[in-house]
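Chemist: Fold the stuff below for me.
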Amino acid sequence: MEEENTSLDQRKSNERKPTFLVILAVLSFIYLAFSLFGALGSLFSGPLNTEQMEAQKAQLYESKSSLEAQGMDNFSEMIEKSIHYSEYMNFEAFYLSHATNLIISLVGIVAVILMLQLKRIGFHIYVAYSLLPIITMYIITPMELILTISVITMVVVSALFTILYGLNLKHMK
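Modeler: Numbers count the residues shown, from 1 in each chain. Model (predicted):
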């Protein structure tokens, strides 16, 4: 009898989940899965060796030359900064960066699961999760290597999803 009540409670819980919340959660889980497996894959494979990094830099310098030829000097400067960022992250902060990304992804997964269970604490954890990549970027990376456009993109996407999840707060306890 107790199992039937538990099963009935779970079905009622599933029926009350707002469709919009479920859609947001699915989108978040897709992103979080890519982040989680990307961080794990990077941690297992390790940093690029010097040859691989030189090949990557050659491609970026080729793109930079192409942009300069078209008169797009601003994008050319961004690529130059990206090259220095890639070198720093690969040779100086590889394991710290990817281990941090792994932990942040796990925090995001916990937050979304809690929100799917209609627990308000999940939203608060999600807000923290949204800020963590930005904060850790500034802790791990030297300021001169941080691209403003990447920070703006992270802030906009984080704010958008936080607002969208916030619209579902009325359903959470």
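
Chemist: Geometric centre of the chain: which residue is closest?
Modeler: With distances taken as CA atoms, centre = their mean, S35 lies nearest the centre of the chain, 6.1 Å away.

Chemist: Check the contact between that one and I103; I expect there is one.
Modeler: No: S35 lies out of contact with I103 (CB atoms under 8 Å); the separation is 10.8 Å. In this view, the C-beta of every residue, glycine as well, is placed from N, C-alpha and C.

Chemist: The nearest residue to the residue nearest to the centre of the chain once chain neighbours are set aside: what's it in contact with?
Modeler: Residue nearest to S35 in three dimensions, not counting chain neighbours: S105, with 4.3 Å by CB to CB, 6 or more residues apart in numbering. Counting by CB atoms under 8 Å, 6 or more residues apart in numbering, S105 touches L32, S35, L36, A39.

Chemist: repeat that for 6 Å
Modeler: If you count contacts by CB atoms under 6 Å, 6 or more residues apart in numbering, S105 has them with L32, S35, L36.

Chemist: what about the residue nearest to the centre of the chain, distance to K64?
Modeler: Between S35 and K64 the distance is 28 Å, computed by CB to CB, to the nearest Å.

Chemist: again, but for F44
Modeler: Distance, F44 to K64, using CB to CB: 31 Å.

Chemist: between the two, which one's more packed in?
Modeler: K64 (21 against 8; other CB atoms under 10 Å).

Chemist: what about L167, neighbour count?
Modeler: L167: 12 surrounding residues under other CB under 10 Å.

Chemist: what's next to the helix or strand hosting A55, contact-wise?
Modeler: Assigned by DSSP states H and E, A55 belongs to helix 50-69. Residues outside helix 50-69 that contact it (CB under 6 Å, 6+ apart): F75, S76, I79, I83, N90.

Chemist: what about dumping the CA coordinates of the helix or strand just after it to CSV?
Modeler: Next in sequence after helix 50-69, counting helices and strands by DSSP H and E, comes helix 73-91. Provided in CSV are the C-alpha atoms of helix 73-91 (Å, rounded to 0.1, in the frame of the first residue of the first chain):
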residue,chain,number,x,y,z
ASP,A,73,41.6,44.7,-37.6
ASN,A,74,39.3,44.4,-34.5
PHE,A,75,38.7,40.7,-35.2
SER,A,76,42.3,40.3,-35.9
GLU,A,77,43.2,41.6,-32.4
MET,A,78,40.6,39.2,-31.0
ILE,A,79,42.3,36.2,-32.7
GLU,A,80,45.7,37.3,-31.4
LYS,A,81,44.3,37.5,-27.9
SER,A,82,42.7,34.1,-28.4
ILE,A,83,46.0,32.6,-29.4
HIS,A,84,47.7,33.9,-26.2
TYR,A,85,44.7,32.7,-24.2
SER,A,86,44.9,29.2,-25.7
GLU,A,87,48.6,29.0,-25.0
TYR,A,88,48.1,30.1,-21.4
MET,A,89,45.2,27.7,-20.8
ASN,A,90,47.0,24.8,-22.4
PHE,A,91,50.4,25.2,-20.8
